[in-house]
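# Here you go, sequence then predicted model.
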Amino acid sequence: MGKTSKDKRDIYYRRAKEEGWRARSAFKLLQIDSECYIFDGVNKAVDLCAAPGSWSQVLSRKLSENYKKALEEGEATPPKIVAVDLQAMAPLEGVIQIQGDITNTATAKHIIAHFDNTQADLVVCDGAPDVTGLHDMDIYIQSQLLLAALNITTHILRPGGTFVAKIFRAKDVSLLYAQLKIFFPYVYCTKPSSSRNSSIEAFVVCKNYSPPDGYEPHMLNPLLTHEPCNFEKLTGVNRLVVPFVVCGDLNQPDSDTCYPLNFEGKEYKYHEPVQSPIAPPYEEALSLLEDRSTDFRKADVSVIIDNDRPISLSEFKEQARRKQKCIIEKVEEEKADENQEDVLNTLSLDVLLNLNISNENNDLENK
């Protein structure tokens, strides 16, 4: 695939590189904020499942803007952002990184310690499992990941805070909505315009964190099952139906459309990705390729090894052409031999028939 293929196919991927975002998912959080105002009054934020760091970049930029506005009005506290992921992530200025498991109590304590034993104003989670291709399995694993994120959120989010997370809209998604409604009176399902229409992904925006009376957060119950009395506030259709909000300007590019490289009258210029993967699965293959004496990545040095002897590409093509010609000639000879045998068999059969007929006639004459 050429370098420009993905730029042409995905306008948001191209724009992310041009604007300095690590991934196109940054636009999803920006478009959610344009409708739900999730950054208003936020000074401390946590990004769960943060790698490669595009949402952490958005948090850093938005909270810095809030801080500058607060300084103009008077005294202000510098913002704090904590990013958590199992994988290593390239450093970001102004972002504290924790490489840990969100299902571990120690991770929650580590996050709170960075906030001077206070809780966060906003928790976001753009995590998703590796897709298996089995849709029911993918939806189930995603729901469990969402519940794990909600579980640690009950430890680190202050009352009145906001929680944003990725969700897969499936037939049983209303059960997740009901569980979220236990802790948040305001739950919205949002679909940013940068999220492909062909994808079942959406994002839940949960506001005004209000845990049930007497609720004590713990990591021992990831399914968040509680006594029936905790569901009493949800009656009728409110248990299952939540508002659906489309985020982003309708005039913005369509995430499912292929656009020309010279889009909106701008001359196209290729940009390298903002941050390359730290430990990609193909890292070993790249190292093996670099160790080879011959650089196969350059088109002008196309060399193929034949019996430990280097030959040029043109010589290899000539050898292949000769071999192909020999094979064709051999096949034609075999077909000719088969046709000749068929002719001989036919002739021998006719001869035998003629002999039989002549013998019968001779017998009749003798009689």
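Ah, there it is.
# how about the helices in the stretch 51-200 of the chain?
Ranges of helices within the stretch 51-200 of the chain are 54-73, 105-114, 135-156, 173-183, based on DSSP state H, counting those that start in this stretch.
# Nearest approach to residue 217 belongs to which of these?
Among the helices of the stretch 51-200 of the chain, helix 135-156 comes nearest to residue 217, with 4.1 Å by C-beta to C-beta. In this view, the C-beta of every residue, glycine as well, is placed from N, C-alpha and C.
# Buried ones in that closest one, by neighbour count?
Buried residues in helix 135-156, counted by 16 or more other C-beta atoms under 10 Å: 138-139, 141-143, 145-156.
# now it, how far from the chain's geometric center?
Distance of helix 135-156 from its chain centroid, counting by C-alpha atoms, centre = their mean, to the nearest Å, is 17 Å.
# export the helices of the stretch 51-200 of the chain to CSV and tack on mean pLDDT and distance to residue 282?
What follows is the helices of the stretch 51-200 of the chain, written out as CSV (pLDDT from 0 to 100; distance: least, C-beta to C-beta, whole Å):
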stretch, mean pLDDT, distance to residue 282
helix 54-73, 92, 21
helix 105-114, 91, 29
helix 135-156, 89, 23
helix 173-183, 87, 35
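# Looking at those, which is nearest to residue 193?
helix 54-73 (15.9 Å).
# So residue 204 sits against residue 165, correct?
Yes: Residue 204 is within contact range of residue 165, at 5.6 Å (criterion: C-beta atoms under 8 Å).
# shared neighbours of those two, anything?
residue 146 (C-beta atoms under 8 Å, 6 or more residues apart in numbering).
# Residue 217 against residue 155, yeah?
Yes: using C-beta under 8 Å, residue 217 is in contact with residue 155, at 4.6 Å.
# one step back: I'd like the helices of the stretch 51-200 of the chain laid out as CSV, including distance to residue 192.
Below are the helices of the stretch 51-200 of the chain laid out as CSV (distance: least, C-beta to C-beta, whole Å):
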stretch, distance to residue 192
helix 54-73, 12
helix 105-114, 26
helix 135-156, 17
helix 173-183, 17
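# Looking at the ones you listed, spot the one closest to residue 337.
Smallest distance to residue 337 across the helices of the stretch 51-200 of the chain (C-beta to C-beta): 56.4 Å, for helix 135-156.
# check contacts around the residue lying closest to residue 99 once chain neighbours are set aside.
Nearest non-adjacent residue to residue 99, counting by C-beta to C-beta, 6 or more residues apart in numbering: residue 88, 6.0 Å away. Going by C-beta under 8 Å, 6+ apart, residue 88 touches 51, 99, 278-279.
# Now list the buried members of those residues.
residue 51.
# Narrow the contacts of residue 88 to those in strands?
With DSSP state E as the criterion, strands contain residue 99 from among these.
# Would you state the strands of this structure in chain order?
Using DSSP E, the strands found in the chain span residues 44-48, 80-85, 96-99, 120-125, 157-168, 186-192, 201-207, 244-247, 303-306, 309-312.
# Out of those, which gets the lowest mean score?
Ranked by mean pLDDT, the strands of the chain bottom out at strand 303-306, with a mean of 49.
# ok, now how distant is residue 315 from residue 321?
Per C-beta to C-beta, to the nearest Å, residue 315 is found 11 Å from residue 321.
# And residue 280, by the same measure?
39 Å.
# Ok, residue 177 next?
Separation of residue 177 from residue 321 (C-beta to C-beta): 66 Å.
# Neighbour count for those two, which is higher?
Neighbour count, other C-beta atoms under 10 Å: between residue 177 and residue 321, residue 177 has more, with 19 against 10.
# Do I have it right that that one meets residue 184?
No: using C-beta under 8 Å, residue 177 is not in contact with residue 184, being 10.1 Å away.
# how much space is there between residue 175 and residue 316?
61 Å.
# actually residue 21, not the one I typed
44 Å.
# okay, these two: which has more neighbours?
Taking neighbours as other C-beta under 10 Å, residue 21 and residue 316 compare with residue 21 leading, 25 against 14.
# The more buried one is in contact with residue 57, isn't it?
Yes: at 6.0 Å, residue 21 counts as touching residue 57 under the criterion of C-beta under 8 Å.
# where do the contact lists of the two overlap?
Shared contacts of residue 21 and residue 57, defined by C-beta under 8 Å, 6+ apart, are absent.
# Stretch 332-341: how far from the chain's middle?
57 Å.
# can you check stretch 129-145 too?
That offset, for stretch 129-145, works out to 12 Å (C-alpha atoms, centre = their mean).
# same thing with stretch 145-157?
22 Å.
# Quick check: the gap between residue 52 and residue 325.
Using C-beta to C-beta, residue 52 is found at 53 Å from residue 325.
# what about the two, which has more around it?
Ranked by neighbour count (other C-beta under 10 Å), residue 52 and residue 325 place residue 52 first, with 21 against 10.
# And the pLDDT for the residue lying closest to that one once chain neighbours are set aside?
Sequence neighbours aside, residue 22 is the residue nearest to residue 52 in space, at 4.7 Å (criterion: C-beta to C-beta, 6+ apart). At residue 22, the model reports a pLDDT of 92.
# got the end-to-end distance for stretch 91-111?
17 Å (C-alpha to C-alpha, to the nearest Å).
# Tell me which residues are up against that stretch.
46-50, 53, 56-57, 59-60, 64, 79-89, 114, 120, 148-149, 151-152, 155-156, 218-219, 222.
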